[in-house]
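>>> Here is my input, please return the structure:
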Amino acid sequence: MVPLSVTSLGENTAQAQMLYNMLSRPGSVPAQAPPRTPTPANGGNDWIAGSEHPCVWRGRFALKNDEVLAQMFHLSGHLDLFRACMDVLASGDAGASSGLDALLKISQRMRFDPSQMEGVYRKLRQPQDFVMCLALATAPPSLGPESEETHAQRHAQMNRVMSDSFIRYLQEKSAAGIIHVCSATTNENLYIVHIFPPCDFTRSQLGGAFTDVHEKLNKTDTPYLLVVITNV
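Predicted coordinates for the structure are as follows:
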C-alpha cells in the first residue's frame, strides 16, 4: 500500500497542505455529537418478541371513542386461522390485515358467565379451532431518530390508554370485548375475536402454560389484553 502523502489528497497542493496542517494539530477535529439510540424495533416490547412468541400483528384497538396502538404476540393455537381472520377483516372495514391502518373495533361484550365461557373453553380444546395472542401497547412510530427517553414516554402513554380506556372498562363490565368477523360478500359470521382484560381466565391461561410471560407481566406491572380468536 502506498503511504498517504499530502499531494495524494489532490492536485491543489496548497489546499492539501492546509488540510494536512489542520488535521495534524491536537484537538483540531470537531467533536461529534453522540449517535442517537435507535428506536426499539418492537415498540418497547422486545422482552417478549422472538421465535417463541413472534409478533404477528401491529395495529389499533378501538373501544368507543378511544384507540390504542398495540402489537399481538402469538402464544398458542393455529396461526393460519389468525391470518385468515385478519385477511377477512382487511377486506371489510378494518382497512388492512396489519400495520397502522389495521383496526380492531370492539363492538360488543361477552360477560364472564359460565355458559358463555364454556363455548370458549370448548374451542380451546381443539388447536385448529382457535389462536391465542397477547396484546401489548406499543409506541407510535417516530418520524425520525429519537432518544430512548422520548420513546419510553410515548410507550408509557399508550400503556395508560390501554389501562384506563380498555382494561378498566372491561373489568368494570366483567366482560370480554367481542368482534364478529363476517364475510364481506355473504355477511356470514366466520370468526369471533374475544378480547379479555386481566381476569381469572387470563391468569389461568397465562399462569398455566406461559409462566415466564405471566411472571414478567406481573413483575413489570405491564397492562395487557389476551386475545382469543375462534372460528364459528
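>>> Geometric centre of the chain: which residue is closest?
Nearest to the geometric centre of the chain sits Q71, at 2.0 Å (C-alpha atoms, centre = their mean).
>>> where does it land in three-state SS?
The local conformation at Q71, judged by DSSP: H, G, I helix; E, B strand; the rest coil, is strand.
>>> Would you mind measuring from it to E188?
For Q71, the distance to E188 equals 29 Å [C-beta to C-beta, to the nearest Å]. All C-beta atoms are positioned from the backbone trio N, CA, C, and that covers glycine.
>>> per-residue confidence for A33?
In the prediction, the pLDDT value recorded for A33 is 41.
>>> Let me fix that, I meant to ask about R25.
pLDDT, R25: 49.
>>> K105: what's its closest spatial neighbour, skipping adjacent residues?
A62 (4.2 Å; C-beta to C-beta, 6 or more residues apart in numbering).
>>> And the one you found, which helix or strand is it part of?
strand 55-63 (DSSP states H and E).
>>> Which secondary structure elements does that strand sit against?
Judged by 3 or more C-beta pairs under 8 Å, 6 or more residues apart in numbering; DSSP states H and E, strand 55-63 is in contact with strand 66-77, helix 79-91, strand 103-106, strand 130-137.
>>> Give me whichever of these is most buried.
strand 130-137 (a mean of 25; mean count of other C-beta atoms under 10 Å).
>>> and the next element down the chain from that strand?
The helix or strand immediately downstream of strand 130-137 is helix 148-161, counting by DSSP H and E.
>>> I figured L100 hits G59, correct?
Yes. Using C-beta atoms under 8 Å, L100 is in contact with G59, at 6.9 Å.
>>> Are there residues contacting both of these two? Which ones?
Common neighbours of L100 and G59, using C-beta atoms under 8 Å, 6 or more residues apart in numbering, are L69.
>>> Check whether L63 really touches Y169, as I assumed.
Yes. With contact defined as C-beta under 8 Å, L63 reaches Y169; the gap is 6.5 Å.
>>> gap between the residue nearest to the centre of the chain and Y224?
According to C-beta to C-beta, Q71 and Y224 sit 11 Å apart.
>>> Quickly list what's touching both of those two.
By the contact definition C-beta under 8 Å, 6+ apart, Q71 and Y224 are jointly contacted by A135, L136.
>>> can you list contacts of the strand or helix carrying K216?
Taking DSSP H and E as the criterion, K216 maps to helix 211-220. Helix 211-220 is touched from outside by W47, I48, H53, L75, L134, R203, L206, G207, T222, Y224, with contacts defined as C-beta under 8 Å, 6+ apart.
>>> so which of those residues comes closest to H155?
T222 (10.5 Å; C-beta to C-beta).
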